[in-house]
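[1] only the shape, not the letters, is given here:
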């Protein structure tokens, strides 16, 4: 029958201005017609018809997958029997709203969300914003838990739609600026993960004093200020990433009593005061900053800190109080100006990885062999003149030790006889 022909179906796919109605018509085409059109549009098919604009073909495939009759190849993709990744649908559960959605009538996105069980929207164009969030979103807000905005400058505001959704748990902005960036998060009680990456943020986001949901906050390459106070952030916060900002000082850290991970890498911080950190922290990253000194370790009890990265800084010594960080499993202090290692470091008996690469260390303390759990030790590009006796008397087994770039020529013949460690000379 002509009304269910291949040509008729292709005509419906091309008529995007009436796609809200066409979505309903596509569903009544027989499976064999759906398959025939699929073969013409799918580049992996033998019947594929070449077209320089393959993205529009992918767009047509998206609607076949969403609304194709049961029994068709498209329906098998929709039902998860196998996956056919598309630009707008790279993985099950995620829909990319691109410029191709511009000009489509209201109702199209909500129908796609329902048909494909979409939970995550990735907005890559400002043009469909009004249609998606004024018309469609209210019908699908209970389905959408994650939204990401990519590469846009927009003055469009979502205060009463997206930013008032109690179902949203994850919100991200990548290279975004303008009024579309939210000012307040009071109306998103379920928000757990929030990210701003290379976006123009004037200050840290504002939350209700009663917020108890936010667990992860990332504001990276977005803040243009030297000093910031984090005491107003929700106490539920477990992970905070302020990396790659022009920060020189962070205040109010002790208020974040549940914080476990803190990333301040690639900032302008010159001094680390351990006494200003929450005591329950497990991960601290200050890699590639301007850190010259470590203070306050004697005033605090960071008994849960397991990973500390201080690589690529300006440290010329480690304080003896470093030995108080008894839970440390990984310590990275490569690319600094260290000349010696304090004896107290050997109190870190849980240490598994130690990176001292590219410093000025000549001798290791004899107590070093007390680090019985050590499995990786990097001493490359230092000034070591002896290490054989330490390694020979240790009870280490299968520890990988990197030693190239040191002055150990006189010991090399002895070092190669060691069978309790793996050496990179």
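    In hand now; what should we look at? No experiment lies behind these values; they were computed from the predicted model shown.

[2] ok, residue 67 touching residue 26?
    Yes - with contact defined as CB atoms under 8 Å, residue 67 reaches residue 26; the gap is 4.2 Å. C-beta coordinates here come from the backbone N, C-alpha and C atoms, glycine included.

[3] these two: which is more packed in?
    residue 67 (24 against 20; other CB atoms under 10 Å).

[4] now that one: how far from residue 95?
    14 Å (CB to CB, to the nearest Å).

[5] pLDDT of stretch 404-413, averaged?
    For stretch 404-413, the mean per-residue pLDDT is 87.

[6] in that stretch, which residues are buried?
    406, 408, 411 (16 or more other CB atoms under 10 Å).

[7] list just the nearest of the residues you listed to residue 260.
    Set against residue 260, the nearest of these by CB to CB is residue 406 (36.5 Å).

[8] how many neighbours does the closest residue to the closest one other than its chain neighbours have?
    Counting by CB to CB, 6 or more residues apart in numbering, residue 406 lies nearest to residue 384, which is 4.0 Å off, once chain neighbours are set aside. Other residues lying near residue 384 total 19 when counted by other CB under 10 Å.

[9] just checking, residue 384 touches residue 408?
    Yes - with contact defined as CB under 8 Å, residue 384 reaches residue 408; the gap is 6.0 Å.

[10] ok now stretch 155-171, how far from the chain's centre?
    When distances are taken as CA atoms, centre = their mean, to the nearest Å, stretch 155-171 is centred 21 Å away from the chain's centroid.

[11] what's the end-to-end length of that stretch?
    18 Å (CA to CA, to the nearest Å).

[12] got it, and stretch 397-406?
    Start-to-end, stretch 397-406 (CA to CA) is 23 Å.

[13] next: stretch 299-317.
    First-to-last residue span, stretch 299-317, CA to CA: 19 Å.

[14] by contact count, what packs against the helix or strand residue 175 falls within?
    Using DSSP states H and E, residue 175 falls within strand 170-177. For strand 170-177, the elements it packs on are strand 146-153, strand 193-197, judged by 3 or more CB pairs under 8 Å, 6 or more residues apart in numbering; DSSP states H and E.

[15] save the ones you listed as TSV, and put in mean pLDDT, distance to residue 63 and mean neighbour count too.
    Output for the helices and strands packed on strand 170-177, formatted as TSV (pLDDT from 0 to 100; distance: least, CB to CB, whole Å; neighbours: other CB atoms under 10 Å):
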stretch	mean pLDDT	distance to residue 63	mean neighbour count
strand 146-153	95	22	18
strand 193-197	96	31	20
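
[16] I'd like those as CSV, with distance to residue 421 appended.
    Formatted as CSV, the helices and strands packed on strand 170-177 follow (distance: least, CB to CB, whole Å):
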stretch, distance to residue 421
strand 146-153, 46
strand 193-197, 41
